[in-house]
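Could you look at this predicted model? Sequence included:
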Amino acid sequence: MNRWQLVFAGMTTLVMLCGCAVRQEPPPVTIPGVAKRLTVLATELPCAEVSSIESVMIRYPAENLYRNGAILPGEEGLRCLEALAAWLKSVPQSRWQVVVNGEEGYGFDALDLAAKRQELLQRFFIRKGVAIRHWEWQTVAGQGEQMQLLQLKDSL
């Protein structure tokens, strides 16, 4: 088997396992000072750094979701994405700018890595029932946050 067949087999297995996972959604609480009074998980989003000065920004620092150079999230990263998807479903009228990063120096083109992560994230969110139709997506190459979400002011 070549490398791509192994990646595809692993990706297929992960997608099938994600479909079987049981979701638990903790009760939301409100953050004062946010324009639309967005709700956040009472335990906060795992793995994320959240700030909300003018608009909500959610950042996932390096290796919180993916091992460097990996297309698929690790087990802990998948739990973080599950919590994020549950939270995003609780704020369906919000629009987001999502920046997905691909690291350089791991045998793949960094922008191709970011593009594949973006594609899989879009599929994941759609399967979880998150409305991503009006979101803005961007891919970047380099070190830093693996993913960043910024609430757009003109939320629907």
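Now that the structure is in, tell me what you want to look at. Predicted model, so just to flag it, every value in this text is computed and none were measured.

Which parts of the protein are strands?
For the chain, the strands defined by DSSP state E cover 28-30, 39-41, 49-51, 57-60, 96-102, 136-141, 147-151.

I'd like these as TSV, with mean neighbour count and mean pLDDT appended.
All C-beta atoms are positioned from the backbone trio N, CA, C, and that covers glycine. Shown next, in TSV, are the strands of the chain (neighbours: other CB atoms under 10 Å; pLDDT from 0 to 100):
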stretch	mean neighbour count	mean pLDDT
strand 28-30	12	40
strand 39-41	18	42
strand 49-51	13	87
strand 57-60	21	92
strand 96-102	22	96
strand 136-141	14	96
strand 147-151	21	94
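
wait, what's in contact with the residue most central in space within the chain?
What sits nearest the mean C-alpha location of the chain, by CA atoms, centre = their mean, is residue 81, with 5.4 Å. Listed by CB atoms under 8 Å, 6 or more residues apart in numbering, the contact set of residue 81 reads 65, 73, 121, 124.

count of neighbours near the closest residue to the second one other than its chain neighbours?
The reference is to residue 73. Nearest-residue entry for residue 73: residue 65, 4.9 Å, with adjacent residues in sequence omitted and distances by CB to CB, 6 or more residues apart in numbering. By the criterion of other CB atoms under 10 Å, residue 65 has 26 neighbours.

Model confidence score at residue 65, please.
Looking at residue 65, its pLDDT stands at 95.

All set now, cheers.
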